[in-house]
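# 3D model of this:
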Amino acid sequence: MNYYGAKEIASSFRTVRNNTIRVAEEIPEDRYDFQAAPGIRTVRQMLIHISNLHRVGLFLHRDNSTLKSLEGFDFMAFMGPIIAAEQEPRTKAQILQALREGGDEFEKWAATLSDDFLGEVLTMRPGGTPPARSRFDMLISVKEHEMHHRAQLMLIERMLGITPHLTRDREAFMAAMQAAKK
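Down below sits the predicted model:
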């Protein structure tokens with residue numbers, strides 16, 4: 001019996017995406033070109049990157065659902081246009097729209113998957129570590145990758161003098177618990 005399946009993948013992805021959207025909303029657009037250190041993405045580039053992360057999962061698992069091996073798959077040919085899109089000038093409103101639409105698309109599709117489909121194993125490219133991964137693991141990695149970048153954005157928020165919403169929410173909860181205790 002699986003306790004974590006398609007509906008949980010969809011729900012947890014939605015939670016992560018909603019938190020990313022809140023971060024994107026809270027950073028002022030005039031700070032979207034902030035770069036925390038040379039050689040890393042600006043806020044704008046990172047948010048565009050995040051808005052496109054789900055496309056890999058959809059391409060590999062929805063659009064090519066019979067794929068059993070990534071041997072010979074030209075990852076850079078697929079990723080090239082997605083990476084190039086990070087350089088395109090987009091407004092905050094356009095980025096927020098892309099985050100919402102992409103999140104909706106991935107969540108709705110992920111919720112429909114069967115346990116059998118999630119359990120299918122794909123062979124990675126030669127030399128890949130691990131040598132094979134389940135579709136479940138690969139789809140969960142979409143959420144994990146977004147969480148990685150959102151953590152970077154939350155640190156950037158601190159650098160910009162913004163207290164991240166998750167911190168504010170936790171502080172409000174703790175204050176309410178303290179007040180109720182008195």
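# Report the separation between the most centrally placed residue in the chain and residue 33.
By CA atoms, centre = their mean, the chain has its centre lying nearest to residue 146, at 2.7 Å. Plainly put, residue 146 is 21 Å away from residue 33 if you go by CB to CB, to the nearest Å. In this view, the C-beta of every residue, glycine as well, is placed from N, C-alpha and C.
# again, but for residue 118
Counting by CB to CB, the gap from residue 118 to residue 33 is 39 Å.
# which one of those two has more residues nearby?
residue 118 (21 against 11; other CB atoms under 10 Å).
# ok, and the closest non-adjacent residue to the more buried one?
residue 136 (4.0 Å; CB to CB, 6 or more residues apart in numbering).
# Report the contact partners of the one you found.
9, 118, 119 (CB atoms under 8 Å, 6 or more residues apart in numbering).
# ditto for residue 18
residue 103 are the contacts of residue 18 under CB under 8 Å, 6+ apart.
# Please tell me how far it sits from residue 158.
Taking CB to CB, one finds residue 18 at 20 Å from residue 158.
# neighbours of residue 166, just the number please.
Counted with other CB under 10 Å, residues neighbouring residue 166 total 13.
# Just the element for the spatially closest residue to it that is not a sequence neighbour, please.
Of all residues not flanking residue 166 in the chain, residue 19 sits nearest, at 6.7 Å (CB to CB, 6+ apart). Assigned by DSSP states H and E, residue 19 falls within helix 6-26.
# how about that helix: buried residues?
For helix 6-26, a neighbour-count test (16 or more other CB atoms under 10 Å) marks 6, 9-10, 12-14, 16-17, 19-21, 23-24, 26 as buried.
# Noted, bye for now.
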